[in-house]
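Colleague: would you be able to build a 3D model of this:
(chains A, B, C and D)
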Number of protein chains: 2
Amino acid sequence: MSMQSKPSMPVIKRLPRYYRYLGEMENEGVVKVSSSELARMMGTTASQVRQDFNCFGGFGQQGIGYNVKLLREELGKLIFSREPIPTILIGAGNLGHAMANFLKKDAQGFELLAAFDVKPEMVGLTLCDVPILDTQALADFCAEHHPKVAVICVPREAAMQAAQQLIDLGIRGFWNFSHYDFSIEYPDILVENVHLGDSLATLSYAVNNDL
Amino acid sequence: MSMQSKPSMPVIKRLPRYYRYLGEMENEGVVKVSSSELARMMGTTASQVRQDFNCFGGFGQQGIGYNVKLLREELGKLIFSREPIPTILIGAGNLGHAMANFLKKDAQGFELLAAFDVKPEMVGLTLCDVPILDTQALADFCAEHHPKVAVICVPREAAMQAAQQLIDLGIRGFWNFSHYDFSIEYPDILVENVHLGDSLATLSYAVNNDL
DNA sequence: AGGCAGTTGTCAATGTTTTAACACAGTGGC
DNA sequence: GCCACTGTGTTAAAACATTGACAACTGCCT
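Modeller: Numbering: from 1, shown residues only, chains lettered A, B, ... in the order given. You can find the predicted model right below:
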């Protein structure tokens, strides 16, 4: 039970998937699981599974395997905070709607407080039970509610403009759907990019080159 | 100008980003660029940039750098096919709407032919100029139009059910937003996963652990 | 009780990706 | 024309990630 080494990015990126599979198993009533079975689901080796968990101190029992419920709880503690992270949405367009929906219904660990948009006809409406506010009101809102994460669903130009303000207002984390790369210009923040265009392009490459 | 070695996955994943940056530069009228400048934008080293391009034969000129327009064109040829890939959308819900929009307006290399949904009230409507059809009509539609890629915007259970049928109907590539992992059960297809939940969880881990 | 089959934690070996180093090509000043 | 300067293509080294191997442990069967 010794913390082996600081988890590397590939390990961290696998955690949510372990967590997801374990959730499915728990729903199906599975009690214990072996590293080799998890490996089969993940498409990797048992060795990697064990080593991944060992970065965090190893949650298994020798000779037995891993307790599904316990392991999931431990991973949950690593991934999610005790309190949901207060979050705002920038850009209540098509994509913004879908992501608000996702945050409210399918995601855990985040609490959507409000959405912001520049379009006057949007302001005043609600989106999944949260108000759509004018971007003008952003500073006041943040001063009062201290959101920690912003979901960026505006085009590149708007994201560029908003970046400095959001950081100044105390936002530390970004779930970024825009084509603007925050991390380049502001190194001290946490950005999770979802570059849909890049993802599609990768698929295109794969289809083209028959990978 | 010698093809060095088969490009590895990390290289391929970087190509769309190079392509994106080069597009921005071209718009700004930049004519030439050096590997070190590209490296600064990408957040990596000049060495990596040069090596990445060399997988495909090296598009630069010694002593000069890279011609922005030329390099972008070459990368474009690698990533995209001559003809847009005929594509269908499965699931015309909130997310499906956003992705149809994205495919039509922001993406290149794909042509959205139709959307499919099981909800009767959806069927018959249009979505970004393409018809929303009943899932029942899927087989006939594919027989006639031969789509090559499907965008999966339905929940896990529906994706599981649809998987075999879509593959049988000749779909080779999937842009998958569901929590169902195609690649595990069907190895001979091309899947680009966009696991929004996993992405959010990664952000949560980062915020929690202050990475 | 003892051996066997199954499983984890851990360390070593292997494979892959990134970074560094350097020879060589082109450009511009003189 | 020659020399310094810039910057690529390419090879080698370093860093990193995955896989293999094995001791330690458990439960079960005889």
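Colleague: alpha carbons only for contacts and neighbour counts from here, please
Modeller: Will do.
Colleague: need the contact list for the spatially closest residue to A:L211 that is not a sequence neighbour.
Modeller: In this structure, A:L211 finds its nearest non-sequential neighbour in B:L190, 7.4 Å apart by Cα to Cα, 6 or more residues apart in numbering or on different chains. Listed by Cα atoms under 8 Å, 6 or more residues apart in numbering or on different chains, the contact set of B:L190 reads A:203, A:206-207, A:211, B:172-174, B:183.
Colleague: for those residues, which single residue is the most surrounded?
Modeller: For the contacts of B:L190, counting by other Cα atoms under 10 Å in any protein chain shown, the largest number of neighbours falls to B:F174: 27 neighbours.
Colleague: buried residues, the longest helix anywhere in chain A. List them.
Modeller: If you go by DSSP state H, chain A has its longest helix at helix A:9-27. For helix A:9-27, burial by neighbour count (16 or more other Cα atoms under 10 Å in any protein chain shown) applies to A:11-13, A:15-19, A:21-23, A:25-26.
Colleague: and the pLDDT at A:M1?
Modeller: Confidence at A:M1, expressed as pLDDT, is 51.
Colleague: so what's A:A115 up against?
Modeller: So A:A115 contacts A:88-92, A:127, A:130-133 (Cα under 8 Å, 6+ apart).
Colleague: can you do 7 Å?
Modeller: A:88-92, A:130-133 (Cα atoms under 7 Å, 6 or more residues apart in numbering or on different chains).
Colleague: of all the buried residues of helix A:9-27, which comes closest to B:R82?
Modeller: A:K13 (34.2 Å; Cα to Cα).
Colleague: who's the closest spatial neighbour of the closest one, skipping the chain neighbours?
Modeller: B:T202 (6.4 Å).
Colleague: so how far is the host helix or strand of that neighbour from its chain's centroid?
Modeller: Per DSSP states H and E: B:T202 is located in helix B:196-209. Offset of helix B:196-209 from its chain centre (Cα atoms, centre = their mean, to the nearest Å): 22 Å.
Colleague: got the residues of chain A near chain B?
Modeller: Within chain A, the positions adjacent to chain B are A:13, A:16-17, A:41, A:43, A:78-81, A:94-95, A:98, A:107, A:173, A:184, A:190, A:192, A:197-199, A:201-208 by Cα under 7 Å from any Cα of the partner chain.
Colleague: would you map the helices across chain A?
Modeller: With DSSP H as the criterion, chain A has helices at A:9-27, A:35-42, A:46-54, A:68-79, A:94-105, A:138-145, A:156-168, A:182-185, A:196-209.
Colleague: any part of the fourth one near DNA strand C?
Modeller: Put plainly, it is helix A:68-79. No. Figure legend: helix A:68-79 not in contact with DNA strand C (Cα under 7 Å from any atom of the strand); closest approach 10.2 Å.
Colleague: can you name every helix or strand that that helix contacts?
Modeller: Judged by 3 or more Cα pairs under 7 Å, 6 or more residues apart in numbering or on different chains; DSSP states H and E, the packing partners of helix A:68-79 are helix A:9-27, helix B:196-209.
Colleague: as JSON lines, the ones you listed with distance to DNA strand D and mean pLDDT would be great.
Modeller: As requested, these are arranged in JSON lines below (distance: least, Cα to the nearest atom of the strand, whole Å; pLDDT from 0 to 100):
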{"stretch": "helix A:9-27", "distance to DNA strand D": "5", "mean pLDDT": "97"}
{"stretch": "helix B:196-209", "distance to DNA strand D": "15", "mean pLDDT": "97"}
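Colleague: what parts of chain A come near DNA strand D?
Modeller: A:8-11, A:44-45, A:47-48, A:51, A:61-64.
Colleague: from those, keep the buried residues only.
Modeller: Buried among these (16+ other Cα under 10 Å): A:11, A:51.
Colleague: same question for the helix or strand bottoming out on mean pLDDT in chain A: list its buried residues.
Modeller: None of the helices or strands of chain A scores lower by mean pLDDT, DSSP states H and E than helix A:182-185, at a mean of 86. Buried residues in helix A:182-185, defined by neighbour count with 16+ other Cα under 10 Å: A:182-183.
Colleague: kindly report the same for stretch A:137-148.
Modeller: Within stretch A:137-148, the residues scored as buried using 16+ other Cα under 10 Å are A:138, A:141-142, A:146-148.
Colleague: and those, which is closest to A:R156?
Modeller: Nearest to A:R156, judged by Cα to Cα, of these is A:L138 at 18.7 Å.
Colleague: excluding chain neighbours, what is closest to that closest one?
Modeller: A:F116 (7.5 Å).
Colleague: within range of DNA strand C, give me the residues from chain A.
Modeller: Contact residues (Cα under 7 Å from any atom of the strand) of chain A with DNA strand C: A:1-4, A:33-36, A:46-47, A:50-51, A:53-54, A:57-66.
Colleague: can we see that at 6 Å?
Modeller: Neighbours of DNA strand C within chain A, by Cα under 6 Å from any atom of the strand: A:1-2, A:4, A:34-36, A:47, A:50-51, A:54, A:58-66.
Colleague: re earlier: may I have the helix holding B:T202 exported as CSV, CA atoms only?
Modeller: Provided in CSV are the C-alpha atoms of helix B:196-209 (Å, rounded to 0.1, in the frame of the first residue of the first chain):
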residue,chain,number,x,y,z
LEU,B,196,-17.8,14.3,-22.6
GLY,B,197,-18.2,12.7,-19.2
ASP,B,198,-14.6,11.5,-19.1
SER,B,199,-13.4,14.8,-20.3
LEU,B,200,-15.3,16.6,-17.5
ALA,B,201,-14.0,14.1,-15.0
THR,B,202,-10.5,14.8,-16.1
LEU,B,203,-11.1,18.5,-15.5
SER,B,204,-12.5,17.7,-12.1
TYR,B,205,-9.4,15.7,-11.2
ALA,B,206,-7.2,18.6,-12.3
VAL,B,207,-9.1,21.1,-10.3
ASN,B,208,-9.2,18.9,-7.3
ASN,B,209,-5.6,18.0,-7.3
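Colleague: which neighbouring elements make contact with it?
Modeller: Helix B:196-209 is packed against helix A:9-27, helix A:68-79, strand A:190-193, with contacts defined by 3+ Cα pairs under 7 Å, 6+ apart.
Colleague: in the second one, which residues are buried?
Modeller: Neighbour-count burial for helix A:68-79 flags A:68-69, A:71-72, A:75-76, A:78-79 (criterion: 16+ other Cα under 10 Å).
Colleague: quick one: mean pLDDT over it.
Modeller: The pLDDT scores in helix A:68-79 average 97.
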